[in-house]
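A.B. asks: Dropping a prediction and its sequence here:
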Amino acid sequence: MRQVTTEELASPAATLDREVLEFRSQFGQSSPLDELVRHGAQQMWQSAIEMEVDDFLAQHAERRDGRGKRLVVRNGYQRPREILTGAGRLAIEQPRVRDNSSKKRERVHFTSSILPPYLRRSKSIDELIPWLYLKGISTGDFGEALQSLLGEDAPALSPNVIVRLTSQWGQEYDAWSRRDLSDKQYVYVWADGIHVNVRLENEANQRQCLLVLMGATADGQKELIAVVDGYRESEQSWYELLLDLKNRGLALAPKLAVGDGALGFWAALRKVFGETREQRCWLHKSANVLNKMPKSVQPRAKSDIHEIWMAETHAEAVKAFDAFLEKYQAKYSAACECLGKDRDVLLAFYDFPAEHWKHLRTTNPIESTFATIRLRHRRTKGSGSRRASLVMMFKLAHAAQKHWRRLNGHQHINHLLEGKTFIDGIMQDAA
């Protein structure tokens, strides 16, 4: 493999992915495999649209004129449209459909669900743009950066287009942050403060903290409720967030809130939704306890902590809890105090369906989503604004929401909302 030249290193696209540039410099044109993939993707997309049109025509096959001829028929093709995708630029032809009915109000119109009007790039490309933005690529360098990734120039993504997109995303975030919540009910919520290391324009407040709230709806779907820019994880910041949700219609308090031991959130929650029960995150608590113990002891202590929150019943968890305190109290009192003070809120999940325990014992739903986004911020070289960083984080989290799994045992949520009692994860029969 040859050495990268000085000119290549100076290129913003080269800093994005040097190996890609090295490969492309040795093979100036697309490989046969690249062409095969692109051709196959184009054929599959074209075939899917043809099938979609055929299905539409079949749905309206019974519509005929007085001579028995079909009213809804094909009428050639529209001009080929080039779509920028992860497989490169694909030229797609959409069939035309015409309704020959004499009554205009009765005419039907075909709209493709896989090739929407005015589509110029796939959703994957739209989701790639925030990643590149957070990685420090400036608006003027997006064409070159995408060229190194996709193998083609991207004239549709000029600096002006990128500026318009980021502005549009800001408007989407503002509208989303003001949406009405009166028809929403979240049985569970997960809260966390996400600290990111992006360099900001304000030297007095370099590190940004995002307050993130996720929820589970009555049908078990996880949703992003709020992403706001907060000052550290203060009670006031969380109070303003929760109060805003309530003022926008979120009247029913969640049954359980899951979060780490940050006092700001819990103090604010008690003021706004005082009836919501509290569950501390076991991953955060385990880390805090182990940090107060020597490294030589941590593997054994970690295993003992695991025995507590993985116990089958509340009684067995209490027994394991007491055993841990008895075992380590003499030598590691600070660690035992850290664990013991939150006993009740660490074991609250036993009063909820057992199928939900894996979702309730930790804030993993938030941590797993933002782990990769955090990494991108660490690698960002340039300075950015709090507003731009917040909007990009919102856009990426909103895209990730599409892939969130439904809660296991979601059918039990209705039982919780009906006031059913659960002991050790098992629903109790009414007396």
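C.D. replies: Noted; the coordinates are in hand.
A.B. asks: Dump stretch 217-229 to CSV, restricted to CA.
C.D. replies: C-alpha atoms of stretch 217-229 as CSV (Å, rounded to 0.1, in the frame of the first residue of the first chain):
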residue,chain,number,x,y,z
THR,A,217,-46.4,4.4,25.5
ALA,A,218,-49.4,2.3,26.3
ASP,A,219,-48.7,-0.1,23.4
GLY,A,220,-45.1,-0.6,24.5
GLN,A,221,-43.4,1.6,21.9
LYS,A,222,-40.4,3.6,23.0
GLU,A,223,-40.5,7.3,22.1
LEU,A,224,-38.1,10.2,22.4
ILE,A,225,-40.0,12.7,24.6
ALA,A,226,-37.5,15.5,25.0
VAL,A,227,-33.9,16.6,24.1
VAL,A,228,-33.0,19.9,25.6
ASP,A,229,-29.8,21.9,26.3
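A.B. asks: what's in contact with it?
C.D. replies: 177, 184-187, 189, 208-216, 237, 241, 244-245, 365, 386, 390, 393-394, 397-398, 401, 404-407, 410, 413-414, 417 (C-beta atoms under 8 Å, 6 or more residues apart in numbering). For every residue, glycine as well, the C-beta is placed using N, CA and C.
A.B. asks: Quick check: buried residues in it?
C.D. replies: 217, 220, 222, 224-228 (16 or more other C-beta atoms under 10 Å).
A.B. asks: now, among these, which is nearest to F324?
C.D. replies: The shortest approach to F324 among these belongs to K222, at 31.7 Å (C-beta to C-beta).
A.B. asks: Just the pLDDT at the closest residue to that closest one other than its chain neighbours, thanks.
C.D. replies: Once flanking residues are discounted, K222 sits nearest to W404: 4.3 Å by C-beta to C-beta, 6 or more residues apart in numbering. As predicted, W404 sits at a pLDDT of 83.
A.B. asks: number of nearby residues for W404?
C.D. replies: 16 (other C-beta atoms under 10 Å).
A.B. asks: For it, grab phi and psi.
C.D. replies: Torsion angles at W404 (phi, psi; degrees, to the nearest 10) stand at phi -70, psi 140.
A.B. asks: cool, and the one 3 residues further on?
C.D. replies: Here is the backbone geometry of L407 (degrees, to the nearest 10): phi -60, psi 140.
A.B. asks: Next one: it relative to D219, how far apart?
C.D. replies: To D219, L407 is 9 Å away according to C-beta to C-beta, to the nearest Å.
A.B. asks: Look up the residues that both of these two are in contact with.
C.D. replies: I413.
A.B. asks: Any quick PyMOL command for the buried ones out of the contacts of stretch 217-229?
C.D. replies: Buried subset of those, written as a PyMOL selection, criterion 16+ other C-beta under 10 Å:
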select buried, resi 184+185+186+187+189+208+209+210+211+212+213+214+215+216+237+241+244+245+365+390+393+394+397+398+404+407+410+413
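A.B. asks: Okay, and which of the contacts of stretch 217-229 map to strands?
C.D. replies: Residues of the contacts of stretch 217-229 located in strands (DSSP state E): 186-187, 189, 208-216.
A.B. asks: Need the worst-confidence member of those residues.
C.D. replies: Minimum confidence in these sits at Q208, scoring 63.
A.B. asks: Run through this structure and note the low-pLDDT ranges.
C.D. replies: Residues of the chain meeting the criterion pLDDT under 70: 1-42, 44-45, 83-90, 113-165, 196-208, 231-232, 371-385, 430-431.
A.B. asks: Which parts of the stretch 151-300 of the chain are helices?
C.D. replies: 159-177, 235-247, 263-272, 282-290, 298-309 (DSSP state H, counting those that start in this stretch).
A.B. asks: Domains in this protein, by residue range?
C.D. replies: Using automatic domain parsing, the domain ranges for the chain come out as 31-120, 183-417.
A.B. asks: Export the ones you listed as a markdown table, with columns for distance to Y173.
C.D. replies: What follows is the domains of the chain, written out as a markdown table (distance: least, C-beta to C-beta, whole Å):
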| stretch | distance to Y173 |
| --- | --- |
| domain 31-120 | 22 |
| domain 183-417 | 5 |
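A.B. asks: Out of those domains, which one sits most buried?
C.D. replies: Across those, the average number of neighbours (mean count of other C-beta atoms under 10 Å) peaks for domain 183-417, which reaches a mean of 17.
A.B. asks: what are the ranges of the strands in the chain?
C.D. replies: 72-77, 81-85, 88-92, 95-99, 186-196, 199-200, 208-217, 222-230, 256-259, 277-280, 383-384, 422-423, 426-427.
A.B. asks: Could you point out which of these sits nearest V318?
C.D. replies: strand 422-423 (13.7 Å).
A.B. asks: Identify the residues contacting the closest one?
C.D. replies: 314, 350-353, 412, 415-416, 428.
A.B. asks: ok, now with 7 Å
C.D. replies: 351-353, 428 (C-beta atoms under 7 Å, 6 or more residues apart in numbering).
A.B. asks: returning to that earlier point: of the helices of the stretch 151-300 of the chain, which is nearest V73?
C.D. replies: Among the helices of the stretch 151-300 of the chain, helix 159-177 sits nearest to V73 (C-beta to C-beta), with 37.4 Å.
A.B. asks: What is the neighbour count of S182?
C.D. replies: 9.
A.B. asks: For P353, see how far away it is.
C.D. replies: 27 Å.
A.B. asks: cool, F56 as well?
C.D. replies: 44 Å.
A.B. asks: repeat for L242
C.D. replies: Taken as C-beta to C-beta, the span from L242 to P353 is 25 Å.
A.B. asks: same question, K302
C.D. replies: 27 Å.
A.B. asks: For the residue nearest to K222, give its distance to H356.
C.D. replies: 15 Å.
A.B. asks: Equivalent analysis for G274, please.
C.D. replies: Taking C-beta to C-beta, one finds G274 at 22 Å from H356.
A.B. asks: what's the answer for E93, then?
C.D. replies: 49 Å.
A.B. asks: now, the most widely separated pair of the contacts of strand 422-423?
C.D. replies: F352 and Q428 (12.5 Å).
A.B. asks: which residues sit in contact with A335?
C.D. replies: Per C-beta under 7 Å, 6+ apart, neighbours of A335: 289, 292-293, 328.
A.B. asks: Phi and psi next, for L250.
C.D. replies: phi -80, psi 80.
A.B. asks: one step back: distance to V73 added to the contacts of strand 422-423, as CSV?
C.D. replies: Formatted as CSV, these follow (distance: C-beta to C-beta, whole Å):
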residue, distance to V73
D351, 63
F352, 58
P353, 55
Q428, 63
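A.B. asks: F110: which of these is nearest?
C.D. replies: Distances from F110 to the contacts of strand 422-423, taken by C-beta to C-beta, are shortest for P353, at 45.6 Å.
A.B. asks: need the contact list for the closest one.
C.D. replies: Residues 409, 412, 422, 425 are the ones in contact with P353 under the rule C-beta under 7 Å, 6+ apart.
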